[in-house]
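Asks: show me how the following folds:
(one chain, ligands or ions: 1)
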Amino acid sequence: MLKTYTCGELRAEHAGQHVTLAGWVHRRRDQGGLIFIDLRDRWGIVQVVVDQESGPDAHNNASNARNEYVLQVSGKVRIRPEGTLNPELETGDVEVVADSLQILNPSKTPPFYMNRDDTSIDEVLRMRHRYLDLRRPQMQQNIILRHRVIKFIRDYLDENGFVEIETPILFKTTPEGARDFLVPSRLQPGKFYALPQSPQQLKQMLMVAGYEKYFQIARCFRDEDLRGDRQPEFTQLDMEMSFVEREDVMQLNETLMRAMVKAVAPDKQIMQEPFPRILYKDAMEQYGTDRPDIRYDLRAIDISEIAGKSGFPVFVNNVADGKPVKVIRVPGMAGELSGTQLRKVTAELEAKAKAVGAKGLAWIALPTEETGEVKGPIGKFFTVEQKLDLFDKLQAEPGDLLLFISDAREIVYAVTDALRPYLAAELGLLDKNLLAYCWVIDFPMFMWDEENQRWDPSQHMFTMPLPEDVPLLDSEPGAARGSQYDMVCNGHEVAGGSIRIHKRDLQEKIFPLIGQTMEHAKEQFGHILEAFEYGVPPHGGIAWGVDRVVALLAGEPNIREVIAFPKSQTGADVMAHAPSEPEPGQLEELHIKLDLPVEEEEAQTL
Ligand code: ASP
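Replies: This next block holds a predicted model:
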């Protein structure tokens, strides 16, 4: 090895030892006869002192060195002189006095500094020079945390009898609600593989094959629009078990998640254990989403009964039409605000509500003193008694702001979901160190797709209905609940799975419901239907979004921060310029001709 110690491990006890280190110049201070270099490697930073008198050659090389040069340094470890100890560095009690210093490789001046944890570095620049960005201590911590998470999972599942099995990347469509990435086959012209959106079918095949407990750290591919927590390729912890019920899968995964968080991120606090369970319909009614952030309350409470009897025509008419009236009570938000300030705050909230389809947002502000006046445009429509009823139902306190949402149910959900995180951020309730896990269960099997006039599976087509709801598939598919379970943390779905259908006749019943002809289904999924005739055990599973899990533990808002080489917003690798045009001859070999849309400018000149 070109080093005998790492830069992060030297301590007072090493004083007197002669060591060799190798790493990058993190920072350099030239004081003439003395040059100080902070030398950095993956394990940390240590101060190197180069004295012209005691090491003239070393000093000469050190004066040529610049930031990010690669050096090899040998010298003696000593306790730092009085007054120069650096408590910020783990190695801050010592320094290495160099007797030899070699420049192993110089570096151009980097486009940004690795020695500052600067969140303002231009994103494109970071991605273009990702190899430099990944040198930053913050990024190294993130990537190493990811390694620890995956290692913990592997060890834990191995100890619990699971086998890790790789499934193919070149495969057939495995629908999970996104577009497939297609790969043309050269050997079979005109045919294409689809990259797996998940190993769903293959893991079910492994259950048919008798492996009983499977997992895989699996790369999945989904061609959809990118968001902060989405990438076209991402990593799942994929898992499947035979002879289990939903409770078994949930228990195992909750235990694993809790143990993993405690082992790899002990500074994080899990808000509630065991994780609370929320029915899908309650999640929608109270939080407006099936992945609620329950670090804070701010639930929407149904007050239709009181509002329907008020004097406010909008509420009365809506309630008569079956549209709910709900209130989010925002503790202390009205506080001491003047009338003008209140109008400004509520106008902002109303704009947020309107952005997701609401016609308006009514409000009532409670005074901070019992004797004060209730403010807000709709206060006058409620009698004193109705107001008292309302405040009682909402457990309102002085200084609260009450936000009234009333519309078609879907819009009420959207407004609730838009306002809650915004309010929580305003009130400073988004604590990154708190992990609020919950399970959401009893999802509907299908969601109605208005555009295509058909049912879409709310998870995927292999989800088993809850046993008591199977008869509903014939009479009222929209009311049937699936055996799906989602694990949610701080408003992100971190895992989702279900018990699967394991009988051919039931599986065949699903296809026409979701608009697939039997012919097409057989073409796409014939292998599953066939396998289902050879003794399939009852089985179920789950998949975690590993990138999301790691991002939450790292306190990062975007999964790009925990993926070594992520894609940009347009699905590009900015460093290597992918996707790129094929090499000459490649398309011919595949018998593919491009038929690209004409660029606008070109079109005008045609
Ligand atoms: N295949 C599912 C997904 O990717 C997970 C599962 O049902 O196990 O979301």
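
Asks: make sure residue 168 is actually in contact with residue 202.
Replies: Yes. Residue 168 is within contact range of residue 202, at 7.3 Å (criterion: Cβ atoms under 8 Å). For the C-beta atoms, the positions are set from N, CA and C on the backbone; glycine is no exception.

Asks: looking at the two, which is more packed in?
Replies: For the pair residue 168 and residue 202, the greater number of neighbours falls to residue 202 (23 against 11), based on other Cβ atoms under 10 Å.

Asks: who's residue 97 bridged to?
Replies: residue 49, residue 76 (DSSP bridges).

Asks: how close does it sit to residue 344?
Replies: Distance check for residue 97 against residue 344: by Cβ to Cβ, to the nearest Å, it reads 63 Å.

Asks: over to residue 463?
Replies: Plainly put, residue 463 is 47 Å away from residue 344 if you go by Cβ to Cβ.

Asks: these two: which is more packed in?
Replies: Neighbours were tallied for residue 463 and for residue 344 using other Cβ under 10 Å; the higher tally belongs to residue 463 (21 against 11).

Asks: would you point out the helix or strand in the chain whose mean pLDDT is lowest?
Replies: Lowest on mean pLDDT, DSSP states H and E among the helices and strands of the chain sits helix 600-605, with a mean of 63.

Asks: around the ligand, which positions in the stretch 401-550 of the chain sit nearby?
Replies: The interface of the stretch 401-550 of the chain toward the ligand, taken as Cβ under 6 Å from any ligand atom, is made up of 496, 497, 498, 541, 542, 543.

Asks: once you drop chain neighbours, what's closest to the fifth one?
Replies: Nearest residue to residue 542 in three dimensions, chain neighbours excluded: residue 497, at 2.8 Å (Cβ to Cβ, 6 or more residues apart in numbering).

Asks: for the one you found, list each beta-bridge partner.
Replies: Applying DSSP bridges to residue 497 yields these beta-bridge partners: residue 485, residue 542.

Asks: tell me the pLDDT at it?
Replies: At residue 497 the predicted local distance difference test score is 98.

Asks: that one and residue 244, how far apart?
Replies: From residue 497 over to residue 244 (counting by Cβ to Cβ), the distance is 11 Å.

Asks: list residues touching both of these two?
Replies: Residues within reach of residue 497 and of residue 244 at once, by Cβ atoms under 8 Å, 6 or more residues apart in numbering, are residue 540.

Asks: so the two - more neighbours on which side?
Replies: Residue environment comparison for residue 497 versus residue 244 gives the larger neighbour count to residue 497, 26 against 20, counting by other Cβ under 10 Å.

Asks: and that one, what does it touch?
Replies: Taking Cβ under 8 Å, 6+ apart as the criterion, residue 497 is in contact with 239, 249, 253, 484, 485, 540, 541, 542, 543.

Asks: grab the nearest non-local neighbour of residue 202.
Replies: Leaving aside its chain neighbours, residue 202 sits nearest to residue 167 (4.0 Å; criterion: Cβ to Cβ, 6+ apart).

Asks: just residue 104 next, same as before
Replies: In space, residue 104 comes closest to residue 70 once its chain neighbours are excluded; the distance is 4.3 Å by Cβ to Cβ, 6+ apart.
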